[in-house]
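Asks: Sequence first, then the predicted structure:
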Amino acid sequence: MSRNHSAHPDTPFALGYGTNGFTDHTLADALTVLDTYGYRALALTLGHPHLDPFGEGWAERTEALRAELDRIGLRVVVETGTRYLLDPFTKHRPTLVDAEAESRLAFLRRAVQICALLHAECVSIWSGVLPAGTTPEEGWALLLDRMPALLAYAAEHGVKIAFEPEPGMLVETVADARRLRSELGDPENLGITVDLGHCVAVEPGGVEGALREAGELLINVQVDDMLPGVHEHLELGHGDLDLALALRTLADIGYRGVAAVELPRHSHDAPGLAERSMAAMSRAWKEAVTTPEHPWLTEARNTLETNPGRISLLFAGAGRGVGRTPIDPDNDPQGIRRGTVDDHARAELVTTLRNHLPAAGFAETVVELYRRGDDAERRGVLYGLNTAAAQGLAEEDPLVPAGREIVADALRTNDPRVVAASMGTFSGRHLDQYSWRHGVLKLIFMDVTLDVVDGLQERTDEELSRMAVAFAAERHAAGRPVPEDVHRLTTPPTEREEA
Amino acid sequence: MRIFDPHIHMTSRTTDDYEAMYAAGVRALVEPAFWLGQPRTTVGSFVDYFDALIGWERFRASQFGIRHHCTIGLNPKEANDPRCREVLDVLPGYLAKDGVVAIGETGYDSMTKEEDEVFNAQLALAVEFDLPIMVHTPHRDKLAGTRRTLEVVAASGIRPEMVVVDHLNETTIEAVAESGCWMGFSIYPDTKMDEARMTVLLQKYGTDRVLVNSAADWGRSDPLKTRKTGEHMLAAGFTDADVDRVLWQNPVDFYGQSGRLNLDPVPGFTEFEPAAAGNFEGNSVLRGAPKS
């Protein structure tokens, strides 16, 4: 492939694309296109043409796909909204609210098996449109009757089910989905999928209200635009969705899962849509995380463009210039998870400098800034490294060894904000596994949330799980509390598979 | 009683001290760079020390709800060692840092030619960086040393309100009061100055331009002497406002001239939130409003 790879924006969740928008491509070609445009996740719709769940060799093909996803580093969720899989004449039928639904249930059980084999993050399902003559009460009773067995089957496979409210279906809003979950007794492995476009069409609280209402139950997100009251998936920017608000809200509620573009009627121009959607999401994310730039920062950047040598003075003065308040004072008063305004201003200065210095000189300057910096300046350097890594750093870039040297020093400190900043995107992509494990364990030891760790899910391995279990045992022996985040390390993908 | 200790060497103190200081009302302090008892032999030893003052010690203080600032400089005792003199070259990098609110401790120890040069060089840096400067008076031959200090300060061209002359006593206060410089007093268990004598001096000279500190370090000293002086003042008839002037407002006024104070309450510690935001342009009570 001669095309340049685009960068994935520095979102705390993974941006993906749904295969139902690539029905004129083979799955392998779709993956190539998505990887090229910077996508880091796949929403895999089972069925024609990509992975027939009932076809010969489905398990082998699933395992081969897992290997391919590992090779390019994509996360995956399983989608079940295939139109004519079960009935060649009637779209989507039968559904969970039809009187006769055995084929649907058999399909969903197979989806659970595939999800487990794929180590996918969840299986997304919906309720269905009530058939003529069925009352909502009857439909609801069918759901309550059918869901427990499906959830139990999923639980046996270590799989989460994400229930998606759909306009026009019995479960239409996030409130409906929450009510269903509650009436089912709040099963642990039942979460919620939210389609951002649907929020424009039917959610009473709009996109922000719906995402906040889903809250901690949100485990899958679909991204598309829509117009109020019209259930038609539109290209981003062609409807009324405030995408920046949606992405900011996702970050705000701590969402860490997959957010995949859902444009099932656009396969004829799939590569164009994939490219434009990523560009739209990148712009929206930038808008979401940057309040209008502080005048001090604008001036400092102008200064650097003509005089890069001023960086050390500007770096030292950033706190005085833009302030030192945390980005999210309510949920993160210390600025550990999301940093402070001066952390981000310094990262911007590092980025500006990168555009004005040759690579080797830039790497040396960054090391000097770190070495000569106080605690806040060191955080600024680490945030700058994370930005550079998120934009994509070739392994041969001199910034990679320089960054490793800086991270090694930061991991030796005992300042939680410095250690937290050192385990972000740069380390997620460029730190060796041994050091990375010890960094994660150090965060646990310091009682810092693992939300700050980039690549936690992908990189947690059996050795780190062993270390976490041993750490917990030590705390138990001492009669001391065990930090809750230990549990995020003690179930590696391999054990989930065996479960 | 909210307290800003304008001179204390926390690097030499324990976490018990931080806890006791917080309980006594200390919410902010300045740690001047000074000598460590054991003489240094290289510039690298200074660099690590300065880094600790702007890094680790600041973090350590914040864990106990106290805002830590520092001064950076080459102390007069080590100014006489040629192996340490080169530290003058690294000072400018530190003087640009956040939380560095003055140059110091500088001044005289034995009034040698080398001390003269280093003192003058640091006065020039104070003018260049528009920072206050903390000048320590000699332990021996104190009055002559204080007079000489004031002459050098006057000749340097620095504005007197940017200078604190520290470790004063009954014999040296008069000359400093007349110079327009700030007057610093270190309240020690037995030696330099004590609470009772300090209270008498405040009655005689008033509270303007007076800084009271514990100067606690690795020697016999007491980090709560600021509080004890405040209590002594109250017992002697001073008002709460007088005590607040001496123990909080005066250090804020003096070091606020740097534009580098951070008096925001440490997250999780909100008592004694300073009310007087707006008076100290550039300091973070304004949360970093840009300088016009």
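Replies: Received it, and whenever you're ready, just let me know what you need. For clarity, every value in this text was computed on a predicted model and none was experimentally measured.
Asks: Domain ranges for chain A, per the record?
Replies: What the record gives for chain A is the domain set A:14-289, A:295-459, from automatic domain parsing.
Asks: Using CSV, lay out those together with distance to B:D208.
Replies: For every residue, glycine as well, the C-beta is placed using N, CA and C. Shown next, in CSV, are the domains of chain A (distance: least, CB to CB, whole Å):
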stretch, distance to B:D208
domain A:14-289, 48
domain A:295-459, 28
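Asks: Low-confidence ranges, the chain, go.
Replies: Answering for chain A, as no chain was given. Within chain A, the segments meeting pLDDT under 70 span A:1-4, A:291, A:491-499.
Asks: that's the wrong chain, I wanted chain B
Replies: By pLDDT under 70, the weakly predicted segments of chain B are B:270-292.
Asks: What segments of it are strands?
Replies: B:3-5, B:26-32, B:67-72, B:100-107, B:133-136, B:163-166, B:182-186, B:210-213 (DSSP state E).
Asks: Could you list the paired strands of the helix or strand harbouring A:V194 along with their orientation?
Replies: According to DSSP states H and E, A:V194 maps onto strand A:190-195. Strands that pair with strand A:190-195, judged by DSSP bridges, come out as strand A:161-163 (parallel), strand A:218-223 (parallel).
Asks: I'd like the next helix or strand past it.
Replies: Heading C-terminal from strand A:190-195, the first helix or strand you meet, by DSSP H and E, is helix A:196-202.
Asks: Using JSON lines, please lay out the strands paired with strand A:190-195 together with mean neighbour count.
Replies: Listed next are the strands paired with strand A:190-195 as JSON lines, based on neighbours: other CB atoms under 10 Å in any protein chain shown:
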{"stretch": "strand A:161-163", "mean neighbour count": "27"}
{"stretch": "strand A:218-223", "mean neighbour count": "27"}
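Asks: okay if I get the ones you listed as JSON lines plus distance to B:N169?
Replies: What follows is the strands paired with strand A:190-195, written out as JSON lines (distance: least, CB to CB, whole Å):
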{"stretch": "strand A:161-163", "distance to B:N169": "75"}
{"stretch": "strand A:218-223", "distance to B:N169": "68"}
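Asks: Identify whichever of those strands lies nearest to A:V76.
Replies: When those are compared by CB to CB, strand A:218-223 sits nearest A:V76, at 11.0 Å.
Asks: And the contacts of the closest one?
Replies: A:13, A:15, A:18, A:43, A:77, A:121-122, A:124, A:160, A:162, A:164, A:191-197, A:211, A:236, A:243, A:246, A:250, A:253, A:255, A:257-262, A:277, A:281 (CB atoms under 8 Å, 6 or more residues apart in numbering or on different chains).
Asks: 7 Å - rerun?
Replies: With contact meaning CB atoms under 7 Å, 6 or more residues apart in numbering or on different chains, strand A:218-223 is reached by A:77, A:121-122, A:124, A:160, A:162, A:191-196, A:211, A:250, A:253, A:255, A:257-262.
Asks: Next: stretch B:2-20.
Replies: With CB under 7 Å, 6+ apart, stretch B:2-20 has contacts from B:24-32, B:34, B:52, B:57, B:61, B:64, B:66, B:68, B:166, B:184, B:186, B:211, B:213-218, B:223-224, B:226-227, B:244, B:247-248, B:251-252, B:255, B:272.
Asks: what's the first-to-last distance across stretch A:392-405?
Replies: Stretch A:392-405 has an end-to-end distance of 19 Å (CA to CA, to the nearest Å).
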